[in-house]
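Student: Could you look at this predicted model? Sequence included:
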Amino acid sequence: MHEQESKNFRLLGHDPSAGFGGGSLVEVRRGHAYVGSTGWDGHEGFTVHDVTDPRAPRKVWQFIAPPGIRMHKLRLVGDGLLYVNSERLPGSTARAGLYVFDISRPAEPREVAFIDMPGSGPHRFGIDNARGLAFLPNDAEGWKKRVIWTLDIRNPLKPEVISIWGLPWQRAEGAALGNDPMPAETECTLHGPPMIRGDRMFAAFWGGGVAVIDCANLSDMKLAGHICWSPPFVGSTHTAWPIGDRPYLVVTDEARGKQNYWDSQFMWILDIRDEKNPVPVSTWFPERERYFNRGGRFGAHNILENIPGDGPWANTVFITYFNAGLRAVDVSDVLRPKEVGCFVPAQAEGARTIQSNDIGADEHGRLYLIDRWGAGMHIVEYTG
């Protein structure tokens, strides 16, 4: 049992029912939080929470996934829709793709469409509402494992495929569709979500490193630069995100469930001034001696997918670190990342250890920390 740890964070509220206790992605709009489930207590699907009073969040709606499906990744689309993945669990033959829900009434989502996708369906997909694009890590014929599907979603109920692109060595003529939602450590498969800045796309490939992609023509994308540090480091590269407009990327390698690594699976910073030759310039991780043996995963997972170059959160990375909770890291000096805050929820007596999984934010600057092992959702403010 561990007490709450907090530096430069203030706890506002807690809802243990979010994601049926064990959640993944969270999106917040109009005073409501939508939380995908990891199936921690046997419930697949997602939950909806009224957070208009962040000190008293409450579940107001839920959706139970059909058998054989995980619905743990969800994204807001436009002003009134929600995409939720329908990813086949291993061995399942259930329908794979994206559910589309109308959330014009935030507490009463209404299913309005289903977008079929091949193979096991999309994993951690991304939405670029400004550009009217979706980026889906998904299987495709002629490719090994998941690659980037870029979709035009200006008509979000009937998206159109712009391109399917993967790393050149993922090409495999005649390759059948896979069904591998839980890839081995060494598999090269898109994780994501890919994102675009200017005419460059950045994408993290599990077991395959980081790609800088020339996306000036989305229908004819080209590899501009690439780096992979696995081996010698353990792979599972999860997220690659630029720091504002600066020529640097923050990259996370996801800690794995079967084994913790003392010297792998942390946060990196890449220098991409020469995009043909990305170079790691620093790494960061919290105090290993304090957390490594607490149980559960110790290592990086995801970040708040926005690292602004100016404003109150300039050059600040909010990163979930499983049993080390939520950390705030100042990357203004990319050679010397510095922790400036942390929030580790208390471990309830008799409960499994904290596993901080994902992080979201609302328009008020509140942060929504999601645990995958039963602690639900903590709503916090960053005060640093």
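Tutor: Perfect, I can see it now. As the structure is a computational prediction, the values presented were derived from the model and not from experiment.
Student: all contacts plus neighbour counts: C-alpha atoms, from now on.
Tutor: Noted.
Student: Distance from stretch 144-162 to the middle of the chain?
Tutor: Relative to its chain's centre, stretch 144-162 lies at 18 Å (CA atoms, centre = their mean, to the nearest Å).
Student: cool, and stretch 312-323?
Tutor: 13 Å.
Student: Other residues contacting it?
Tutor: 243-244, 291, 294-304, 307-309, 326-332, 344, 353-359 (CA atoms under 8 Å, 6 or more residues apart in numbering).
Student: which parts of that stretch are buried?
Tutor: Using 16 or more other CA atoms under 10 Å as the test for burial, stretch 312-323 gives W313, A314, N315, T316, V317, F318, I319, T320, Y321, F322, N323.
Student: Out of the contacts of stretch 312-323, which end up buried?
Tutor: 243-244, 291, 294, 296-304, 307-309, 326-331, 344, 353-359.
Student: Go through these and flag which are in helices.
Tutor: Residues of these located in helices (DSSP state H): Y291.
Student: Filter the buried ones among the contacts of stretch 312-323 down to the ones in strands?
Tutor: Among the buried ones among the contacts of stretch 312-323, the members falling in strands (DSSP state E) are L326, R327, A328, V329, D330, V344, S356, N357, D358, I359.
Student: now the strands for the stretch 51-200 of the chain?
Tutor: 58-64, 69-70, 74-77, 81-88, 97-102, 110-116, 126-128, 133-138, 147-152, 160-165, 189-190, 195-197, 200-206 (DSSP state E, counting those that start in this stretch).
Student: who wins for proximity to W284 among these?
Tutor: strand 200-206 (17.8 Å; CA to CA).
Student: Quick one: residues contacting the nearest residue to Q4 once chain neighbours are set aside.
Tutor: The spatially closest residue to Q4, leaving aside those adjacent along the chain, is A346, at 3.9 Å (CA to CA, 6 or more residues apart in numbering). Neighbouring residues of A346 by CA under 8 Å, 6+ apart: M1, H2, E3, Q4, E5, I354.
Student: 7 Å instead?
Tutor: H2, E3, Q4 (CA atoms under 7 Å, 6 or more residues apart in numbering).
Student: Stretch 203-218: end-to-end distance?
Tutor: 14 Å (CA to CA, to the nearest Å).
Student: who's in contact with it?
Tutor: 162-163, 185-195, 199-202, 221-230, 235-240, 275.
Student: 6 Å instead?
Tutor: With contact meaning CA atoms under 6 Å, 6 or more residues apart in numbering, stretch 203-218 is reached by 186-192, 194, 199-202, 221-228, 235-240.
Student: Buried among those residues? Make that a ChimeraX selection.
Tutor: Selecting only the buried entries of these in ChimeraX, with 16+ other CA under 10 Å as the criterion:
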select :187,188,189,190,191,192,194,200,201,202,221,222,223,224,225,226,227,228,235,236,237,238,239,240
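Student: Starting from G350, give me the distance back to S236.
Tutor: 31 Å.
Student: Then E141?
Tutor: For E141, the distance to G350 - CA to CA - is 47 Å.
Student: Looking at those two, which is more packed in?
Tutor: E141 (18 against 7; other CA atoms under 10 Å).
Student: mind listing what the nearest residue in space to W373 that is not next to it in sequence touches?
Tutor: Nearest-residue entry for W373: G22, 5.0 Å, with adjacent residues in sequence omitted and distances by CA to CA, 6+ apart. By CA under 6 Å, 6+ apart, G22 lies in contact with S37, T38, W40, D371, R372, W373, G374, G376.
Student: which residues touch the residue most central in space within the chain?
Tutor: For the chain, the residue sitting closest to the mean C-alpha position, by CA atoms, centre = their mean, is N302 at 5.3 Å. By CA under 6 Å, 6+ apart, the residues touching N302 are I319, T320.
Student: switch the cut-off to 8 Å
Tutor: When contacts are counted by CA under 8 Å, 6+ apart, N302 touches H238, T239, T252, E254, I319, T320, Y321, N357, D358, I359.
Student: Check D79 too.
Tutor: Contacts of D79 by CA under 8 Å, 6+ apart are S104.
Student: Swap in 7 Å and give it another go.
Tutor: D79 neighbours (CA under 7 Å, 6+ apart): none.
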